[in-house]
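>>> starting from these lines, generate the structure:
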Amino acid sequence: MGATSRSILALNLKGMPLENGSTYKNSNVSLRQGRILKKRRASLGRSRRPIKGIEKRVQTLKRLIPNGESKGKGLDGLFNVAADYILRLQMKVKAMQVMVQLLSQDEG
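Okay, here's the model as predicted:
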């Protein structure tokens, strides 16, 4: 009665007899229950914040890139589009720098 969910998760059930005569280790049900217990233990010790942080950054990137919010690209496609966009911006900056140099030479 006084057992908490965490103490139940920590129980070792290997070798425990089941109704059908097999032991916990040998039954198909035990394998499923073992996987469920592993997932529960893993989720208790892990925080979802890093995943949410990554999702937030991906959403920000999608807003910064023209047509970045269109669906069907996936992360690989989004990163490729972002890389192409950055290269285009760099080329525009270089072109403007050359234009400024040419125009400043004409005035001087």
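
>>> average pLDDT across stretch 92-100?
Averaged across stretch 92-100, the pLDDT comes to 96.

>>> could I get that stretch in CSV with only the CA atoms?
Taking C-alpha atoms only, stretch 92-100 is exported to CSV below (Å, rounded to 0.1, in the frame of the first residue of the first chain):
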residue,chain,number,x,y,z
LYS,A,92,25.6,40.2,-52.0
VAL,A,93,27.8,41.7,-49.2
LYS,A,94,30.9,41.2,-51.3
ALA,A,95,29.3,42.8,-54.3
MET,A,96,28.2,45.8,-52.2
GLN,A,97,31.7,46.1,-50.8
VAL,A,98,33.2,46.1,-54.3
MET,A,99,30.7,48.8,-55.3
VAL,A,100,31.6,50.9,-52.3
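
>>> buried residues in it?
Using 16 or more other CB atoms under 10 Å as the test for burial, stretch 92-100 gives no buried residues. No exception for glycine: its C-beta is placed from N, CA and C like everyone else's.

>>> distance across stretch 68-75, terminal residue to terminal residue?
In stretch 68-75, first residue to last residue: 11 Å (CA to CA, to the nearest Å).

>>> helices or strands up against the longest helix that the chain contains?
Among all segments of the chain classified by DSSP state H, the helix with the greatest residue count is helix 74-107. Under the contact criterion of 3 or more CB pairs under 8 Å, 6 or more residues apart in numbering; DSSP states H and E, the helices and strands touching helix 74-107 comprise helix 49-64.

>>> coming back round to it: okay, buried residues for the longest helix of the chain please.
78, 81, 85.

>>> look up how far residue 59 lies from the first one.
With the distance defined as CB to CB, to the nearest Å, residue 78 ends up 10 Å from residue 59.

>>> could you do the last one as well?
The spacing between residue 85 and residue 59, counted by CB to CB, is 16 Å.
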